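Participant: I would like to see how this sequence folds:
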Amino acid sequence: MKEKIIFATTNEGKLKEIREVMGERYLVISLKEAGIDAQADETGSTFEENALIKAKAVSALCNELVLADDSGLEIDFLDKAPGIYSSRYMGEDTPYDIKNAKILELMKDVPDEKRTARFVCAVAAVKKGEDPIVVRETIEGIVARKTEGENGFGYDPLFFYPPLGKTTAQLSMEEKNKVSHRGKALKAMLERLEGRGTTHRI
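Facilitator: Here you go, the predicted structure:
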C-alpha cells in the first residue's frame, strides 16, 4: 500500500507536478480531498520559513504527513523581486499574464546579461511527533523578452532556461520535473522521506 501525503496547496499546477514526481511512491491528496480548510499567513522572511508555516498549519489539523512548498521568482535586476512575494506581487488576485506583462515592461531596456533570474522552491515535510524536514532547490535562467509556452503556470512563460533553449512553460512535464526548482526539491524531499522511518500507511 502507498503511504499517504497531504500536500498543502490549492494550486492544481503544483498538485500535478508533485503527483508526477511522488505519485509512484505516495498517495498524494490535496487539502480539498482531505477535507481540510487551512489558511496560513506567510509571515516568514525566507521560502523555507513560509513552507514550514504552511505545513505546520495543516499538520495541526490532522495526523498525516504534510508537505508544503513555497516558491518564487528572483530577478537580480529587480533586487531579487518578486521573491517570497511572488504569488502576492501586484495582489494575489492579479492574473499572472498581467504580472508577467508588468515585469516585461520593467525589464524592456535591460540587456540579456543583466536579465539573470532563478526560480526557488523550498519544500517542508511535517508530521506530529517527528522532526520537520526542509529542502531547497533552484533553477537558474533569464527573463525572456516575451512570454512563450502554454504548459506551465505562474511565471513559467517568462522564465527562459538556456540549456534547453525554452521557457519553462514550453517544457514537457517530464522535462520540467528533471530541471525545475520544484521538481528537484520534490526529488530531494523524496530521498529524505525514504530514510525517515515509518509514516502513516493506508
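Participant: quick one, what contacts the residue most central in space within the chain?
Facilitator: By CA atoms, centre = their mean, the chain has its centre lying nearest to Ser71, at 4.2 Å. Counting by CB atoms under 8 Å, 6 or more residues apart in numbering, Ser71 makes contact with Phe47, Ser86, Phe119, Val120, Cys121, Ala122, His181, Arg182. The C-beta positions use only the backbone N, C-alpha and C, and glycine is treated the same way.
Participant: what strands flank the host helix or strand of it, and is each parallel or antiparallel?
Facilitator: Per DSSP states H and E: Ser71 is located in strand 65-75. If you go by DSSP bridges, strand 65-75 pairs up with strand 3-7 (parallel), strand 81-82 (antiparallel), strand 116-126 (antiparallel).
Participant: CA atoms only for the first one - export them in PDB, please.
Facilitator: In this case it means strand 3-7. Extracted as PDB, the C-alpha positions of strand 3-7 are listed here (Å, rounded to 0.1, in the frame of the first residue of the first chain):
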ATOM      1  CA  GLU A   3       1.900   5.900   2.000                       C
ATOM      2  CA  LYS A   4      -0.300   9.000   2.200                       C
ATOM      3  CA  ILE A   5       0.800  12.600   1.900                       C
ATOM      4  CA  ILE A   6      -1.400  15.700   2.200                       C
ATOM      5  CA  PHE A   7       0.000  18.400   0.000                       C
END
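Participant: one step back: can you tell me which of the strands paired with strand 65-75 is nearest to Asn63?
Facilitator: strand 3-7 (10.1 Å; CB to CB).
Participant: show residues contacting that closest one.
Facilitator: With CB under 8 Å, 6+ apart as the test, strand 3-7 has contacts from 14-15, 18, 22, 25-31, 34, 36, 58, 62, 64-68, 199-202.
Participant: can you flag the buried ones in those?
Facilitator: With burial judged by 16 or more other CB atoms under 10 Å, the buried subset of the contacts of strand 3-7 is 14-15, 18, 22, 26-31, 34, 36, 58, 62, 64-68.
Participant: out of these, list just those in strands.
Facilitator: Cross-referencing the buried ones among the contacts of strand 3-7 against strands under DSSP state E gives Tyr26, Leu27, Val28, Ile29, Ser30, Leu65, Val66, Leu67, Ala68.
Participant: check those residues and tell me the two furthest apart.
Facilitator: Leu27 and Ala68 (17.0 Å).
Participant: helix or strand for Val134, which one?
Facilitator: Per DSSP H and E: Val134 is located in strand 133-143.
Participant: same check on Glu175?
Facilitator: Counting by DSSP H and E, the element that carries Glu175 is helix 173-179.
Participant: which strands or helices does that helix pack on?
Facilitator: Contact here means 3 or more CB pairs under 8 Å, 6 or more residues apart in numbering; DSSP states H and E; on that basis helix 173-179 packs against helix 12-22, helix 181-194.
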